[in-house]
Structure formats: structure tokens, C-alpha cells
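Asks: Quick one: sequence plus predicted model below, questions after.
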Amino acid sequence: MQHQPPRKQIISQESKKTQPFLIWPALVAFILIVTISGVFYVKKINKQKGALEKKLSENKQVEADANLQVPTISPKETSRAIRNEDFQLVDIREENEFILKHIEASINIPLTKLEDKLNLLSKTKTIIIIDRTDSPNGRILTEHLQKEGLTVKYLDGGIINYAHNEFGLVTLGNPLIQSDLLKVTSYTAKEIIEQLLDGSRLKFIDTRSAVDFALDHIDGSINIPLEELEKKKDKLPVRSFIVLDKDPIRSFQAAVRLYDMNVLGVYNCKDTYNDMKDTIANIGKEEPADK
């Protein structure tokens with residue numbers, strides 16, 4: 001009888017024969033994983049590179065816009081243009097910034113709303129664009145308005161540069177700020193009667209609304225609402241006058257704005273309109289002191 005090899009030996013030999021066939025699929029899978037990972041890595045690098053190139057391109061565009069050559073006007077020339085019939089001063093900052101500080105006689109048309117208010121821009125005057133500072137958007141706007149056929153100049157350095165050159169701004173008027181308090185000489189209604197109106201004929205500038213003024217006012221007073229002071233500066237009396245309002249804060253703000261507009265001889269009533277009216281009505285009615 002022929003001798004048969006042990007079973008274990010047969011299995012071992014068959015295993016050795018099939019082992020290479022098990023290694024190849026694993027090797028192929030590994031190569032495939034490495035290849036796919038490499039493709040994704042390259043794509044990621046290219047994406048990052050593309051984003052970087054886009055960012056650099058945008059930065060170059062911003063830089064180009066910032067250096068856009070448009071006609072500019074200096075702060076000194078701008079100060080001379082105030083209330084000059086040949087110029088229109090247009091402040092393109094947001095309204096909350098404009099209210100706090102602005103150049104006298106300028107109008108506020110925020111850049112975000114300009115497209116809807118192009119009809120407010122003069123076609124016959126030189127428009128001065130006033131920005132917060134020198135910005136790409138301000139220069140782009142100036143160039144755009146030029147292409148629309150308007151005569152436009154851009155304030156060099158914006159309102160910050162204007163103030164830096166010590167040209168005055170019209171401010172809101174804050175009674176809590178020391179610098180604003182120093183601008184105003186305020187009196188109570190009684191002090192006005194005793195010190196300012198003693199034998200004199202000072203005018204009252206009533207800064208209440210036109211509706212309130214029409215309903216009731218002090219004889220001889222002039223109504224110029226607070227919101228219209230800059231527009232109606234030429235309506236103010238040449239001599240000294242007293243500012244009053246139903247709200248003493250409003251009359252204080254009016255006095256500050258008039259100071260900022262270089263109007264001299266302004267006194268502020270720190271009492272209400274009704275207090276002032278009652279004080280005038282009670283002149284001579286005080287009970288005589290006991291003898």
C-alpha cells in the first residue's frame with residue numbers, strides 16, 4: 001500500500017499555494033485607498049490655492065478702487081463752499097453718524113439709500129461727496145456720478161480729515177458733555193426777565209414745531225423749528241436773541257448748533273416754553289413784601 005502524507009502536511013502545503021492569491025487583493029485595495037486619498041488631497045490643495053488667489057485678487061481690486069483717480073477737494077476749499085450757491089454738500093454716511101456731527105449746510109443721503117434719492121442731487125452745482133474717511137466705495141460713487149454727467153468732487157480724507165484740519169462741525173448738542181456746556185449761556189425764565197429783558201427788546205427764537213407755534217406763542221417771537229435751523233439760518237435776527245422750546249434739551253441743542261454755525265449772541269432758556277410764558281404773564285403781579 002502506498003504511503004499517504006499526513007493530513008496536516010497536506011493542508012499546510014495547500015495554504016502555501018493559496019497565500020499569494022490572498023495578498024494581491026489587499027495590496028490592490030491599499031494602492032486604491034492611497035490613490036483616492038491623494039486625489040482628494042490634491043483637490044483640497046487646489047481649492048485652498050484657488051481661494052487664496054481669489055482673495056488676493058479681491059485685495060488687489062480693493063486697492064485699485066482705493067487708488068481710483070477721481071477729482072478731490074481739500075477741507076479748506078470745502079469750508080469755503082458752505083452756503084455757496086455753486087456747491088451742494090452731500091454726506092453719504094449713515095443717518096446716526098450724520099446727526100452726531102456733520103459739516104454745516106450739508107444734506108444727508110446715506111450711500112445705502114442713494115440709488116433711490118438720485119433726484120436730490122443737483123445737476124447744475126458742483127457736488128461734494130463727504131464720506132467718513134477716504135474709502136473705495138466713496139471713490140467708486142464719485143466716478144459713477146461723473147459718468148452720469150454730474151459735476152462731482154470727493155472730500156479728501158473725508159470728514160475725519162476735515163475735523164483734523166480744525167474746521168468746525170455742527171454737533172447734536174449734549175448737555176452731559178462739558179465741551180457742549182461751554183458753548184451755551186443758559187438762564188432760567190426768571191433770570192431772563194430780570195437780567196436779559198430788563199428794559200431791552202430781545203427776540204425769542206421758538207424752536208418748537210410750526211404746529212405748536214401756530215396754536216400758541218409769545219408775541220414777537222420767531223418760529224424756526226430745531227430741525228430747520230441750518231436751512232433757515234438767514235432768518236435769524238442780527239442782534240442777540242433767546243432760544244426756547246417746550247423741551248429744554250431741544251433749546252439747548254439749538255443753542256449748541258447755532259454756536260457751531262458761528263452765530264453769536266445766543267442765550268438759552270433752560271426752562272420750558274410754558275414756564276417762560278407764565279413768567280412773562282406774571283411780571284408785576286408779585287405780592288408786595290410785608291412792611
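Replies: Thanks, I have the structure now.

Asks: any low-confidence regions in the stretch 1-150 of the chain?
Replies: 1-67 (pLDDT under 70).

Asks: Strands of that one, start to end?
Replies: Ranges of strands within the stretch 1-150 of the chain are 72-73, 87-91, 101-102, 107-108, 126-130, based on DSSP state E, counting those that start in this stretch.

Asks: same question, the stretch 151-291 of the chain
Replies: Using DSSP E, counting those that start in this stretch, strands in the stretch 151-291 of the chain cover 151-155, 170-171, 185-187, 203-206, 222-223, 241-244, 266-269.

Asks: would TSV of those with distance to Gln253 be doable?
Replies: In short, each C-beta sits where N, CA and C put it, glycine included. Compiled in TSV, these are given as follows (distance: least, Cβ to Cβ, whole Å):
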stretch	distance to Gln253
strand 151-155	25
strand 170-171	9
strand 185-187	12
strand 203-206	13
strand 222-223	16
strand 241-244	9
strand 266-269	10
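
Asks: want to throw those strands into TSV with mean pLDDT and distance to Met276?
Replies: As requested, the strands of the stretch 151-291 of the chain are exported to TSV (pLDDT from 0 to 100; distance: least, Cβ to Cβ, whole Å):
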stretch	mean pLDDT	distance to Met276
strand 151-155	98	41
strand 170-171	98	25
strand 185-187	96	10
strand 203-206	96	8
strand 222-223	97	14
strand 241-244	96	5
strand 266-269	96	6
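
Asks: and of the strands of the stretch 1-150 of the chain, who's closest to Leu244?
Replies: strand 101-102 (24.6 Å; Cβ to Cβ).

Asks: For the closest one, enumerate the helices and strands it packs against.
Replies: helix 158-164, strand 170-171 (3 or more Cβ pairs under 8 Å, 6 or more residues apart in numbering; DSSP states H and E).

Asks: Mind giving me the packing neighbours of the first one?
Replies: When you say that, I think you mean helix 158-164. Right, helix 158-164 is packed against helix 75-81, strand 101-102, strand 126-130 by 3+ Cβ pairs under 8 Å, 6+ apart.

Asks: tell me which residues of it are tucked away?
Replies: Neighbour-count burial for helix 158-164 flags Gly158, Ile159, Asn161, Tyr162 (criterion: 16 or more other Cβ atoms under 10 Å).

Asks: I appreciate the help and will end here.
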